[in-house]
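Engineer: Pasting the sequence and the predicted model now:
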Amino acid sequence: MLNLALPLCGGITLPSCLPLILLTAGLGNCAIGQTTPEDLIAGTGARIDRVFQGESGEDYSLVKVRPSLDTGRPYYARGYSWSVVGYAARCFYLNESVAAANARLQQNARYYLRQLTPADEAEILPIEAEKNTNTYARIVDRDSLHWHADMVLRLIEMYGSNGTVAPGRMDAATEAKCLEPIWHYVRLVSRVAKAEYLNSKTWHLWESENHHAQCFSIAWHFSKIAKDLPAYRNRTHNDGSTPAELYAAWNAYFIEYVRERFRKGIFVEMMSTGYNGESIRGIYNLYDFGDENVRRSADMYLDLFWAYWAQEQFDGASGGGKARMYFRNNFTAGHGGIIGNMAWLYFGLGSEPGVAGISVNGLLSGYRPPAVVADIAVDVNGRGTYEVRQRAQGLGQAAQTNWNQSLNLNPYKLNTNGGGIVRYTYCDPAFIMGTPMLEAKPLNHWTAISSQNRSQGVIFSGADSAARIVPCVLPSDEREARNQFWSIQNKGSMITQMLSTHSGGKQMWAWISKAGLSDPVEEDGIFFVETDEVNGAHAAIRPVDTECTLIEDYNFSSINCPASWVVQLSNKFKPLILEVMAKDQVVNFAAFKALVKANKPSLSSGLVTYTTIYGDVLTLDTTYTNKPTINGVPMDYSPDKSYDSPFLHGDYEGNSFVIEKGARQEIYEFPVPPSANSLSPP
C-alpha cells in the first residue's frame, strides 16, 4: 500500500504520492497476542533503526575481492561491493564516519574502472592473477557490478548533492565517481530495445529472471538521474538512445511488467529463497523514486510478492514448490538474505538481521506491506487449513547466456499461451507441503530458469523451523540438476517420480531432517516419522515397486548438510509416495500408521493408482502417456486463475486482484495497458 509519507532517518520524509488501494475494508482481530497487524507494520521503522543503531561505531569490515569464477572472466567482486554499500548506508544513516564511507565508495568505483592505487590493490585484491583484464570486463560481468549498483543509486538519491534525506553526506566527488562505472554498464548492457513489451508482454528475460530485473531497475534508475545531469544528459548509449529516452522506455515497460505478473504469475524462478530477493531488490527503488504511475506499480508488485510469500511460510521459512534452489539450499531453514531480513523487519519473523549490503534498498525504503499481509504472515493458526494454487510460467525458448552482458544475445522467451506449471501447496498450522505440478515434457520444452533445481516437499511448524522432508533428485555434482521430477498432490498426499528426461540427476531420494523429527521407523516397507511437537504432524514415505536403502548422514563430497536420514530408491525411476497428516486429525501415531498401511498402491501397465489417507484417489502414469488424475479428473495445467487461495485470488489475464484475510481486504485494479509501443521487438 503506498504511504502518503515515507518516514526515514530522524523524521525526514521522501516525497508523498497518491494512494493505490481502491478499497480497504474492516480491520478485524489478529491472533498474535496484543499486537495487531497495524501495530506490527507501524513498528517497522523502529526495528530498522534498531538494526542500524546496533552497529553504530563499528569499523568497516573488509571483504576482499575474490578470484575469477571461471576461465576468461574478471575477478568476482560481489561480496566486496556488498560490504562497501552496507557500510556506507550505515554511516550515512547514522551520520557517522561519513568521510570513511565516501572513501570506500570511491574505492569501489575505482575497482570497476580499473583505477586502483597500489595501496588499494594490496588491500582488496586477491593474490591470484585476474583471468580477464579487458577495460570493461569487471563492469559487464553478470556476477559483480549489477548486484550492488542499484544500492549505490539509492544512496545518491538519498544522500547525494540533491538527496531527499540528508543532502551532501555523499560528497560531490564520490557521487561523480560512483556514477562513472554505472554509466558504462548502462550504455553497454541496457539497449532500449530490451524495453519492448507489446510483442514480448515483458516475458523476454535476459540471462535469467533475477539478472533481468536487476538490469532494468539499474538502467531505469541511472537514466532517471542522468537525464538531468549536464555530464550525462546529452550522451548516447551504444544503441544511440539518450538517458531520457531510456528512462521513458523503462517507465512504460515496468508498468506492463507488474501488470503481467499479477495476471500470469509472479516468478519463473518460483519461490526461490535467494533469487526472488534479488528480483525484488531494485523494485524498492522504483517505489521510492519513481513517478506516480511507477510508484503505484512498484507498490502493487511488492504487496503481491509479500502476500505470495506470507501464506506459505512458518517463522520466515517458506514451503511449497520452488525452482532454482541449489541442492544444499533445500535443507536449511530459509532465514537470511533479502527476504529473511525484511521478514524480520516487517513481521518480526525469523532472525534479527544486521545491516547487510544486499538489503540496503529494503532497509532504507519507505515501503511497508499492508496490514492484511502482516496478518497472513504471522497468524498461522488463524490461517487454518487451506490449499494454494498458482500458475507459474516455464515453457518457452532457450536463451543465449554469457558472463559478458554487453553481448547482443537472445533472451529466454516464455510461452504464456499454453499450460505451464501449477504450484500446489497444502497448508495446515502443523505443516506446509507442496510441489510444482507439471507435465512430463522433454527438457528442451522448458526454459532453463524454470527447469533448474526444482524443489518440493514438506516443512513443519514448531520450535525447529529446519524440520522438513524433501523428495528430491540427488545431482551428480551435488549442486544442480534440471527437470528432475514430476508429481501429483492433493492435500497432504503426493506421488512423485524422477523423470527420465532429466539432466544431471543421480539418485531418487526422500531426505529427512533429524532436527525436529523422530528417527525413521520402517514397517511393511513404509518409513514413518513424526514431529517432536505435540501439535505437530505424522509422515510416511513409501517407495512403490522398488527396494530402497535407509542412509544415515549421507557422506557428501562437496557440501555441508544438516544431520539427516535418506531413503534412497534402488530403481531411481520408480515412484515415491509421501503422506503427511496433522496430529489433531488422527488419534495417535499408531492409528496414523494403520491408516497408511490400509491403503496399498497398485501398479498396472505403468499406472500407479493410490487411495490416500484423505480418501482421494491419485494416479500417476509412470510411462508419461497420460496426465495424472485426482479423483478421476485429469490434471489441468492451465487453470482459470493465476492465483487461487483464500488469501490471494485473481483470474488468469484478469483485470483485478484481491489480497484478504478475515475483514481485512485490499483490492487492486490494473491500469489499461498502452495501445502502442514505438519500440521494435529485439
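Structural biologist: Thanks, I have the structure now.
Engineer: Okay, buried residues for stretch 315-329 please.
Structural biologist: 315-327, 329 (16 or more other Cβ atoms under 10 Å). All C-beta atoms are positioned from the backbone trio N, CA, C, and that covers glycine.
Engineer: and the end-to-end length of it?
Structural biologist: End-to-end distance of stretch 315-329: 17 Å, with Cα to Cα, to the nearest Å as the criterion.
Engineer: Distance from the host helix or strand of D49 to the middle of the chain?
Structural biologist: For D49, the element it lies in under DSSP states H and E is helix 44-53. Relative to the centre of its chain, helix 44-53 is centred 24 Å away, using Cα atoms, centre = their mean, to the nearest Å.
Engineer: Contacts for it, please.
Structural biologist: For helix 44-53, the surrounding residues in contact (Cβ atoms under 8 Å, 6 or more residues apart in numbering) are 7, 90, 93-94, 344-346, 348, 352-355, 363, 368.
Engineer: try 6 Å
Structural biologist: For helix 44-53, contacts defined as Cβ atoms under 6 Å, 6 or more residues apart in numbering pick out 7, 90, 93-94, 345-346, 363, 368.
Engineer: helices and strands around whichever helix or strand comes after it, which ones?
Structural biologist: Using DSSP H and E, the helix or strand that directly follows helix 44-53 along the chain is helix 78-94. The elements that helix 78-94 packs onto, with contact taken as 3 or more Cβ pairs under 6 Å, 6 or more residues apart in numbering; DSSP states H and E, are helix 44-53, helix 98-113.
Engineer: Format the CA atom coordinates belonging to the longest one as PDB.
Structural biologist: Output in PDB follows, covering the C-alpha atoms of helix 98-113 (Å, rounded to 0.1, in the frame of the first residue of the first chain):
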ATOM      1  CA  VAL A  98      30.900   9.900   6.700                       C
ATOM      2  CA  ALA A  99      34.400  10.600   5.200                       C
ATOM      3  CA  ALA A 100      35.400   7.000   5.500                       C
ATOM      4  CA  ALA A 101      32.200   5.900   3.800                       C
ATOM      5  CA  ASN A 102      32.800   8.300   0.900                       C
ATOM      6  CA  ALA A 103      36.400   7.000   0.600                       C
ATOM      7  CA  ARG A 104      35.100   3.300   0.500                       C
ATOM      8  CA  LEU A 105      32.500   4.100  -2.200                       C
ATOM      9  CA  GLN A 106      35.100   5.900  -4.300                       C
ATOM     10  CA  GLN A 107      37.500   2.900  -3.900                       C
ATOM     11  CA  ASN A 108      34.700   0.500  -5.000                       C
ATOM     12  CA  ALA A 109      34.000   2.600  -8.100                       C
ATOM     13  CA  ARG A 110      37.700   2.800  -8.900                       C
ATOM     14  CA  TYR A 111      37.900  -1.000  -8.800                       C
ATOM     15  CA  TYR A 112      35.400  -1.300 -11.600                       C
ATOM     16  CA  LEU A 113      37.000   1.500 -13.600                       C
END
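Engineer: tell me which residues of that helix are tucked away?
Structural biologist: Applying a neighbour-count criterion of 16+ other Cβ under 10 Å, the buried positions in helix 98-113 are 98, 101-102, 104-113.
Engineer: Equivalent analysis for stretch 432-442, please.
Structural biologist: 432-438, 440-441.
Engineer: Run through who's touching it.
Structural biologist: Contacts for stretch 432-442 (Cβ under 6 Å, 6+ apart): 312, 319-321, 421-426, 454, 456, 458-459, 486-487, 489, 492, 499, 501, 580, 624.
Engineer: returning to what we had before: tabulate the helices and strands packed on helix 78-94 in CSV, adding columns for distance to W509.
Structural biologist: Output for these, formatted as CSV (distance: least, Cβ to Cβ, whole Å):
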stretch, distance to W509
helix 44-53, 38
helix 98-113, 42
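Engineer: G615: which of those helices is closest?
Structural biologist: Nearest to G615 among these is helix 44-53; the distance by Cβ to Cβ comes to 44.1 Å.
Engineer: how big is the angle separating that closest one from helix 78-94?
Structural biologist: Helix 44-53 and helix 78-94 are oriented at 110 degrees to each other (axes from the mean of the first three to the mean of the last three Cα atoms, to 10 degrees).
Engineer: if we can go back for a sec, a markdown table please, covering the buried residues of stretch 315-329 and showing pLDDT, secondary structure and distance to V380.
Structural biologist: A markdown table is the format used below for the buried residues of stretch 315-329 (pLDDT from 0 to 100; DSSP: H, G, I helix; E, B strand; the rest coil; distance: Cβ to Cβ, whole Å):
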| residue | pLDDT | secondary structure | distance to V380 |
| --- | --- | --- | --- |
| D315 | 92 | coil | 8 |
| G316 | 92 | coil | 12 |
| A317 | 92 | strand | 12 |
| S318 | 93 | strand | 13 |
| G319 | 94 | coil | 12 |
| G320 | 95 | coil | 15 |
| G321 | 96 | coil | 20 |
| K322 | 96 | strand | 20 |
| A323 | 96 | coil | 25 |
| R324 | 95 | coil | 27 |
| M325 | 94 | coil | 23 |
| Y326 | 93 | coil | 28 |
| F327 | 94 | helix | 28 |
| N329 | 91 | helix | 23 |
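Engineer: domains for the protein, by residue range?
Structural biologist: What automatic domain parsing lists as the domains of the chain is 6-17+28-378, 454-645.
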